[in-house]
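# Everything below, folded, please.
(2 chains)
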Amino acid sequence: MNSVSIGTILKREVQNPGKTNSTPSLTEENIASDAHILALLKEHGSYDQGFRLLVKQYRERLYYHVRRMLGNHEDADDVLQNCFVKVYRNINRFQQNSKLYTWLYRIATNEALTFLEKRNRISTASLDNEDTNWNNRLEADHFVNEDKVVRILEKAIETLPNKQKAVFNLRYYDEMSYADMSETLETSQGALKASYHHAVKKIEAYVRENAEK
Amino acid sequence: MDKDKNIHKELEEISPFLAKMKGKKEEIETPENYFHYLENSVMQQVQLEQNPVLQKKEIRTISFWSRFFSLRVITGLASVILLIVVGIYFNQTAIDTSGDSLQFADLTDAEILNYLTDNVETLDIYSLSDLDVDDSILDVIDLEEGEGDYLFEESSMDIFSDEIF
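Okay, the predicted model is just below:
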């Protein structure tokens, strides 16, 4: 566990923002356009090539999104693989009425929400125990960082209802516009703005309460 | 992805505290080479799903001669040949065994007489008596003198000796 105080960390981060952001950024050099991917997927001969490109293009962003929703690597890995297999089976149904990436995020989000519902149903623990379970999952996840602030923030996000968690993550981490979030979550932009506002307030309260403990 | 430039401004308005933390995003670590593994694993899964489709395509493109010599056709031909051979065999057997259905009553006297004449040396009186043969036929059989006497003598003696005494 990092022994540096929360205040020090916050001060350092304000001075050097974004240096530890692990979410891959989108640049022209490393990105094949969605149009190119879809063109490859339309041709029978280049279908697999197009799909492989799609996986390569979106694997990291979708992984981090799913991982934030589920809290550990193993579950995220399972869900993401299922997600890509479903994409493979159903890509022909994609009519381009929405953007490719919002369609992919929608599938990944739905897969993650379905998984969370199953996990919650299986768990007979109380809300307090659920909090303990989350802590246990974080402890058991060998690939999670040990930064206290981040862990408190993760715990705060975990207290949100599942769909609100998705709203917060898409806006806060993936910096998605409300228009795209609306496509992804099939919810009105007004409802999403309100949901995000409430989520931020809840998280702030949780972090303030737990940061100095 | 269209990143919303107003996101940070919006967050600052809602929660300056959380806006300050925004720079400190999480550092999610993954197993070494995980994304490479993920890509390969997904491709393996979808290729496994594709197999039935590929097999169907192979059947569609099979040549006439390959189809002609396919296992199913060969098995079918072998079955037909076997049926023909078995049919011929049983038909032949039926012809051969048709003589067995000939009854004694169907024989003419001349046939019986010829048979007995030819085989008289191997026949004995008991065998003949078992046959429902007309006595007149037996009378015709030319026994050499004394050839069968011992039989009569011996038997007559043995059979009636007790009665004499």
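
# all contacts plus neighbour counts: C-alpha atoms, from now on.
OK.

# May I ask which helix or strand encompasses the residue nearest the centre of chain A?
The geometric centre of chain A, computed from its C-alpha atoms, lies nearest to residue A:65 (CA atoms, centre = their mean), at 1.8 Å. Secondary structure assigned from DSSP states H and E places residue A:65 in helix A:47-70.

# can you check residue A:98 too?
With DSSP H and E as the criterion, residue A:98 is inside neither a helix nor a strand.

# What count of nearby residues applies to it?
Each residue near residue A:98 was counted by other CA atoms under 10 Å in any protein chain shown, and the total is 12.

# For it, give me its contacts.
When contacts are counted by CA atoms under 8 Å, 6 or more residues apart in numbering or on different chains, residue A:98 touches residue A:183.

# Next, residue 79: secondary structure please.
You didn't say which chain, so I picked chain A. helix (DSSP: H, G, I helix; E, B strand; the rest coil).

# Who are the contact partners of the residue of chain A positioned farthest from its centre?
Among residues of chain A, the one most distant from the C-alpha centroid is residue A:45; the distance is 32.9 Å, by CA atoms, centre = their mean. Residues in contact with residue A:45 (CA under 8 Å, 6+ apart): none are found.

# Specify the local secondary structure of it.
helix.

# Look up how far chain B lies from it.
Residue A:45 sits 13 Å away from chain B, going by CA to the nearest CA, to the nearest Å.

# can you give me how far stretch A:169-177 is from the chain middle?
Centroid separation between stretch A:169-177 and its chain, computed with CA atoms, centre = their mean, to the nearest Å, is 9 Å.

# can it be found next to chain B?
Yes: counting by CA under 8 Å from any CA of the partner chain, contacts between stretch A:169-177 and chain B involve A:171-177.

# Please report the number of neighbouring residues for residue A:111.
Residues near residue A:111, counting by other CA under 10 Å, number 19.

# ok, now residue A:122?
9.

# Then residue B:108?
9.

# and what of the one 5 residues further on?
In terms of burial, residue B:113 registers 15 neighbours under the definition other CA under 10 Å.

# now do residue A:155
Neighbours of residue A:155 under the rule other CA under 10 Å: 20.

# same question, residue B:73
12.

# The helix or strand that contains it - what's its average pLDDT?
When elements are assigned from DSSP H and E, residue B:73 belongs to helix B:71-96. Throughout helix B:71-96, pLDDT has a mean value of 80.

# which residues sit against the helix holding residue A:65?
A:23-24, A:31-32, A:37-41, A:73, A:75-77, A:79-80, A:84, A:88, A:105, A:108-109, A:112-113, A:116, A:162, A:165-166, A:169-170, A:174, B:28, B:35, B:38-39, B:43.

# where does residue B:46 land in three-state SS?
For residue B:46, the secondary-structure state derived from three-state DSSP is helix.

# Identify the residues contacting the closest residue to it other than its chain neighbours.
Take residue B:46 and drop its neighbours on the chain: the residue closest to it by CA to CA, 6 or more residues apart in numbering or on different chains is residue A:85, 6.3 Å away. With contact taken as CA under 8 Å, 6+ apart, residue A:85 is in contact with B:42, B:45-46.

# And residue A:205, how far from chain B?
10 Å.

# Which per-residue confidence value corresponds to that residue?
Model confidence at residue A:205, given as pLDDT, is 92.

# Name the residues of the helix or strand hosting it that come out as buried.
With secondary structure defined by DSSP H and E, residue A:205 is part of helix A:189-211. Under the neighbour-count criterion of 16 or more other CA atoms under 10 Å in any protein chain shown, helix A:189-211 has A:189, A:192-193, A:195-200, A:203-204, A:206-207 buried.

# Give me the contacts around that helix.
In this structure, residues lying in contact with helix A:189-211 by CA under 8 Å, 6+ apart are A:6, A:149, A:152-153, A:156-157, A:160, A:164-165, A:167-168, A:171, A:178-179, A:181-182, B:11, B:14-15, B:17-18.

# so how many other residues sit close to residue B:41?
Residues near residue B:41, counting by other CA under 10 Å, number 13.

# Which helix or strand contains it?
Counting by DSSP H and E, the element that carries residue B:41 is helix B:34-60.

# What mean pLDDT does that helix get?
Per-residue confidence for helix B:34-60 averages out to 76 on the pLDDT scale.

# Likewise for stretch A:149-159?
Averaged over stretch A:149-159, pLDDT sits at 86.

# Help me see whether that stretch makes contact with chain B, please.
Yes: applying CA under 8 Å from any CA, one finds that stretch A:149-159 is in contact with chain B at residue A:150.

# count of neighbours near residue A:103?
Here the count is done by other CA under 10 Å, and residue A:103 has 20 residues near it.

# In contact with it: list those residues for me.
The contact partners of residue A:103, taken as CA under 8 Å, 6+ apart, are A:183-184.
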